[in-house]
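Enquirer: Sequence and predicted structure below; questions after.
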Amino acid sequence: MNQLDFNAFVVSQKNDKFISEIKSIKQPKLEDGKVLISVKYSSLNYKDALSASGNRGVTREYPFVPGIDAAGTVIESSCDKLSKGDEVIVTGYDLGMNTFGGFGEVIHVPTEWVVSLPNNLSLEDSMMLGTAGLTAAACIDSILMNDNFLKPVAVSGASGGVGSIAISILSKLHISATAISSKKESEDFLKGLGAENIIFLDDYCKNDCRPLDKSVFSNAIDAVGGEILSRLISQVERHGVITCCGNVNSHILNTTVFPFILRGITLKGIDSAESSIDYKSYLWSKLASEWKVDLHKSTKIIALDELSLEIDKILAGKQIGRVLIKHNI
Ligand SMILES: NC(=O)c1ccc[n+]([C@@H]2O[C@H](COP(=O)([O-])OP(=O)(O)OC[C@H]3O[C@@H](n4cnc5c(N)ncnc54)[C@H](OP(=O)(O)O)[C@@H]3O)[C@@H](O)[C@H]2O)c1
C-alpha cells in the first residue's frame, strides 16, 4: 500500500445487491476550503446501515464509504483556525451520505463542518457518543424547556443509541426516566443505565391508543416514531415537550389536536445532522461537562472488518447500546 493510501469500508453495487469490502483508497489532495483528517474512531448509526445497504434516500451513488461520524487529527488544513495535529470531531451534514465518511481512515471535508474536540473528552469518548449522543443531547436540551419533572420522562427505542444515551444523561441529571423497549433481554442493561421504570412494547401497545390518555409522563424523547410516538403525545402532561428524531417503527404519525390545544404540549423535531456548527459545539461542550456520561459499559469496540455483522444487527433493531469503530487495530 502506498504511504498515502488508506483503508476504508467500501460499499458497491453488484447487480441488485450491495456488497461491502475493506479496500485501499488513494488519499485525496487538499482542496480550498477543506481539511484532511486522519480518522481514529467512527461509530455506527442507523443512517450508516441504510447507506451501507443501498438506501438511495441516504446515498445516491456507489461505490461509497459510509460513516456519518468521525473523530481524529488534522493532517492538512486550508484555513488558519485548524492546524496539523489538532483533535477534531465531524458529525452529520453530508458526511457519510454523499461525502466519503468515517468508515474510512481519512476524510476530506469542508472546514466549517469541524468542531474542535472539547476539553475533558477523548476522541474515543466523542465517538462512543457520536451522532446518537449529539441527538440525545439535542433532545435533552429541548425537554429542559419544560422544567417540570414531577413525572418521569419517557424514552422510546431505549436500548438503541439515542435512547440509551438519553437515559444515561437523564440519570446523571437526577431526572426519572421510563424506558420503553421492545427487548425483554435489555432489562438489566436499561436498569444499569439508570432507568427507573421499564415498559416493554407488548404491554405499552396492548390497549387502543386514545386521543387524550391519562398523563403519565412529564416529557418524552422518542427515537422510533409511528404508533409509539402517537401514544406518547397523548400521555404527556400539560406543557410537556416531546422530541421526535427517528422513524424505525414508522414514519406515519396518527394524532389529534387535543393534546396540543387542551394540554399545550410541544412536539419538537430534532435534526442534529443539519444543526448549525455553533449549536453542535454547544452540545459537545455540554456532553463534555454537565452531561458527561461514561459509555464504556454500553459500547462495543470493533475493527472495520467486523462492521458488516453489526450493520445487519442495527437494521434488524437488535443492537443494544453503541458500536465504536476503531481504525488501525
Ligand atoms: N433526526 C436526527 O437528527 C437523528 C439523529 C440520530 C438518529 N436518528 C434516527 O433515530 C432513530 C434511532 O437512532 P439510533 O441511532 O438510536 O438507532 P438504533 O441504535 O438502531 O436504536 C433504535 C432502537 O429503536 C428500537 N426499535 C428498532 N426497531 C423498532 C421497531 N420496528 N419498532 C419499535 N422500536 C424499534 C430498538 O430499541 P428497543 O428494542 O429498546 O425498543 C432499537 O434499538 C433512527 O430512526 C435514526 O435514523 C435521527
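Expert: Yep, that arrived.

Enquirer: and the gap between the residue of the stretch 101-250 of the chain found nearest the ligand and residue 208?
Expert: The ligand sits closest to residue 160 of the stretch 101-250 of the chain, with a gap of 1.8 Å, by CB to the nearest ligand atom. Bear in mind the C-beta positions are built from the backbone N, C-alpha and C, glycine included. To residue 208, residue 160 is 26 Å away according to CB to CB, to the nearest Å.

Enquirer: Same question for residue 246.
Expert: Separation of residue 246 from residue 208 (CB to CB): 24 Å.

Enquirer: The two: who's more crowded?
Expert: In this view residue 246 and residue 208 are compared by other CB atoms under 10 Å, and residue 246 has more residues nearby, 22 against 7.

Enquirer: Just to check, residue 101 is in contact with residue 58?
Expert: No: with contact defined as CB atoms under 8 Å, residue 101 does not count as touching residue 58 (10.9 Å).

Enquirer: Find the residues that touch each one of those two.
Expert: Common contacts of residue 101 and residue 58 (CB atoms under 8 Å, 6 or more residues apart in numbering): residue 51.

Enquirer: Those two: who's more crowded?
Expert: Between residue 101 and residue 58, residue 101 has the larger neighbour count (other CB under 10 Å), namely 28 against 20.

Enquirer: so what's that one up against?
Expert: Residue 101 sits next to 42, 48, 51, 65, 66, 67, 68, 69, 70, 95, 107 when contact means CB under 8 Å, 6+ apart.

Enquirer: Give the burial count for the fourth one, as a bare number.
Expert: Pointing back at residue 65 there. Neighbours of residue 65 under the rule other CB under 10 Å: 25.

Enquirer: swap in the third one?
Expert: If you count neighbours by other CB under 10 Å, residue 51 ends up with 27.

Enquirer: any idea how far it lies from residue 197?
Expert: 35 Å.

Enquirer: Would you enumerate the residues in contact with the nearest residue to residue 201 once chain neighbours are set aside?
Expert: Spatial nearest neighbour of residue 201, chain neighbours left out: residue 182 (4.4 Å); criterion: CB to CB, 6 or more residues apart in numbering. Residues in contact with residue 182 (CB under 8 Å, 6+ apart) are 200, 201, 317.

Enquirer: measure the last one to residue 325 for me?
Expert: I take that to be residue 317. Distance, residue 317 to residue 325, by CB to CB: 20 Å.

Enquirer: Same drill for the two, tell me which one is more crowded.
Expert: Using other CB under 10 Å as the criterion, residue 317 and residue 325 rank with residue 325 on top: 28 against 15.

Enquirer: My read is that that one contacts residue 45, right?
Expert: No: counting by CB under 8 Å, residue 45 is not a contact partner of residue 325; they are 10.9 Å apart.
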